[in-house]
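[1] Build me a structure from this.
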Amino acid sequence: MATLYQSRKMTMPETHPEHLEFWQAAAEGKLLIKQCDSCGEYHYYPREHCPYCMSNKTTWKEAKGTGSIYTYSVMRKGVPYAIAFVTLDEGPRMMTNIVDCDLDAVHIDQIVKVVFKQSGDHDNPGSFIPCFTPVNGD
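    Got it, this is the predicted structure:
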């Protein structure tokens with residue numbers, strides 16, 4: 001029997017001024033990550049200094065929005081849901097939710113793409129959270 005994804009209330013993480021551009025882009029359906037202007041490495045979670053070379057010269061870049069599942073866990077208590085680390089095509093890994101699929105069919109190395117889900121934050125109704133869903137045919 002399949003365990004189908006069910007919509008659930010997701011809360012926004014604590015936001016800081018240096019992440020404002022990330023959340024504004026998410027509301028427009030765009031996934032941003034940081035790239036270091038000094039060493040060229042992409043990184044996520046967005047921060048002001050590159051974790052590879054410690055340069056403070058970083059720039060927001062729009063990610064392709066595709067990647068693969070590195071690892072995951074399906075929670076079955078209450079409303080079932082899946083959390084995962086997704087390795088973006090640009091290289092960094094991000095923790096996220098896997099949505100809009102049969103949760104029993106989720107697997108490591110599965111190709112996924114970004115989708116944006118409205119948060120359950122009623123104080124900020126324009127808030128969208130980047131999640132991932134399997135690419136059709138995988």
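
[2] contacts and neighbour counts: CA atoms only from here.
    Noted.

[3] residues contacting residue 63?
    30-33, 90 (CA atoms under 8 Å, 6 or more residues apart in numbering).

[4] Repeat that for residue 64.
    For residue 64, the contacting residues are 31, 89-90, by CA under 8 Å, 6+ apart.

[5] now, which of those residues lie within helices?
    Secondary-structure check on the contacts of residue 64 using DSSP state H: no residue lies within helices.

[6] just the buried members of those residues?
    Buried members of the contacts of residue 64, scored by 16 or more other CA atoms under 10 Å, are 31, 90.

[7] Just send the contacts of residue 63 back as JSON lines, with pLDDT and distance to residue 117 too.
    JSON lines is the format used below for the contacts of residue 63 (pLDDT from 0 to 100; distance: CA to CA, whole Å):
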{"residue": "30", "pLDDT": "96", "distance to residue 117": "12"}
{"residue": "31", "pLDDT": "97", "distance to residue 117": "12"}
{"residue": "32", "pLDDT": "96", "distance to residue 117": "16"}
{"residue": "33", "pLDDT": "96", "distance to residue 117": "18"}
{"residue": "90", "pLDDT": "97", "distance to residue 117": "22"}
